[in-house]
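Enquirer: need coordinates for the following:
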Amino acid sequence: MKNRVTRVLAGCVGAMALLVVSGAQAGSDEARMAEIKEKGGCPRCDLGLAELRGLVLENGDFGGANLREVDLKEAVLPNANFKNSDFRRTEAERANFAGSDFSGSNMRSVDLEKANLNKTNFQDADLRDGDLNTVEANEAIFDGADMRNVLFTRSMANKASFKGAKMDDANLERVDLNGANFQNTRMRQAKLDRVKAHNADFSGADFTGVRLVSSDLTGANLTGVDFDGALLRRTRLAGADLSGAYNLDPKRILGACGDENTKLPRGIELVPCAW
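Expert: Here you go, the predicted structure:
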């Protein structure tokens with residue numbers, strides 16, 4: 001009986017110790033968030049693996065910080081400085097980074113699903129394999145970014161800039177890209193099905209193997225685009241300029257349409273747009 005009581009007491013003490021440790025760990029992240037708010041950020045800090053879910057701070061400074069694999073879900077961090085930060089595998093679904101600066105950051109495999117990225121700067125950032133599905137990225141800057149294998153479906157990126165970005169195998173299905181700039185962007189094997197890209201600028205882009213199915217490129221600038229192996233099926237090109245575009249294969253233009261204002265390379269014909 002005595003041994004049994006001893007074992008029970010030992011178990012209770014162990015459970016209490018575990019609760020104390022767990023509480024300390026949880027409290028440490030709350031204390032860390034309070035300190036970040038008090039200091040207005042944490043530049044060059046090591047915050048790897050931190051639990052910062054729901055952190056609220058405007059104009060915060062996290063330049064050069066290690067935020068690798070941090071939980072920033074539903075954080076509200078508009079107009080923040082994240083220049084040259086480590087954001088690899090960070091979880092930031094539904095976060096608000098509007099107006100923030102991630103230029104030069106390593107963000108490979110980041111999860112930004114449903115985040116607010118309006119007017120956010122990702123110039124020269126590494127976003128390979130990132131999840132940017134259903135984000136709002138209107139007027140965002142992705143110039144020179146590495147966006148290979150990025151998921152960007154059902155997002156809003158009107159007037160965003162992707163100049164010189166690498167977007168091989170990116171999935172942009174059903175994205176709104178009206179007025180967006182893709183000058184000299186490499187988009188090999190990218191999916192652009194059902195995009196709306198009115199008056200977008202794709203001049204000089206590499207469309208090798210691109211899929212354009214039921215896409216709307218009304219008024220788009222497609223001058224000098226390489227269409228080698230691209231598929232244009234039911235693509236709307238009313239008013240689009242394809243002057244100097246090359247490697248267009250008539251056999252891979254299936255039901256694409258244009259109008260009297262569409263400019264085409266010699267030997268390429270489109271049916272009139274009826275929709």
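Enquirer: centre-most residue in this structure?
Expert: Nearest to the mean C-alpha position of the chain, counting by Cα atoms, centre = their mean, stands Leu132 at 3.8 Å.
Enquirer: ramachandran coordinates for it?
Expert: With angles defined as degrees, to the nearest 10, Leu132 shows backbone torsions of phi -120, psi 30.
Enquirer: contacting residues for it?
Expert: Counting by Cβ atoms under 8 Å, 6 or more residues apart in numbering, Leu132 makes contact with Leu112, Glu113, Ala115, Leu117, Val150, Leu151, Phe152, Ser155. All C-beta spots, glycine's among them, are computed from the backbone N, C-alpha and C.
Enquirer: this structure: strands as residue ranges?
Expert: In the chain, the segments counted as strands under DSSP state E are 211-213, 231-233, 253-254, 257-258, 271-272.
Enquirer: dump those to a markdown table, plus mean neighbour count.
Expert: Formatted as a markdown table, these follow (neighbours: other Cβ atoms under 10 Å):
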| stretch | mean neighbour count |
| --- | --- |
| strand 211-213 | 21 |
| strand 231-233 | 19 |
| strand 253-254 | 16 |
| strand 257-258 | 20 |
| strand 271-272 | 10 |
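Enquirer: those strands into CSV, with extra columns for mean pLDDT and distance to Asn184?
Expert: Rendered in CSV, the data for these read as follows (pLDDT from 0 to 100; distance: least, Cβ to Cβ, whole Å):
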stretch, mean pLDDT, distance to Asn184
strand 211-213, 98, 18
strand 231-233, 98, 21
strand 253-254, 97, 24
strand 257-258, 98, 24
strand 271-272, 96, 30
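Enquirer: turn those strands into a markdown table, including distance to Met187.
Expert: Output for the strands of the chain, formatted as a markdown table (distance: least, Cβ to Cβ, whole Å):
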| stretch | distance to Met187 |
| --- | --- |
| strand 211-213 | 10 |
| strand 231-233 | 13 |
| strand 253-254 | 18 |
| strand 257-258 | 21 |
| strand 271-272 | 25 |
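Enquirer: mind checking the ones you listed for the one nearest to Arg32?
Expert: Distances from Arg32 to each of those were compared using Cβ to Cβ; the shortest belongs to strand 211-213, at 45.0 Å.
Enquirer: report the distance from the closest one to the chain centre.
Expert: Centroid displacement of strand 211-213 relative to its chain, using Cα atoms, centre = their mean, to the nearest Å, is 20 Å.
Enquirer: now swap in stretch 231-242 and tell me
Expert: Relative to the chain's own centre, stretch 231-242 is displaced by 25 Å; criterion: Cα atoms, centre = their mean.
Enquirer: swap in stretch 72-86?
Expert: Offset of stretch 72-86 from its chain centre (Cα atoms, centre = their mean): 14 Å.
Enquirer: straight-line length of that stretch, end to end?
Expert: 13 Å (Cα to Cα, to the nearest Å).
Enquirer: again, but for stretch 111-123
Expert: Start and end residues of stretch 111-123 are separated by 18 Å (Cα to Cα).
Enquirer: count of residues packed around Gly255?
Expert: The criterion is other Cβ atoms under 10 Å. On that basis, Gly255 has 12 neighbouring residues.
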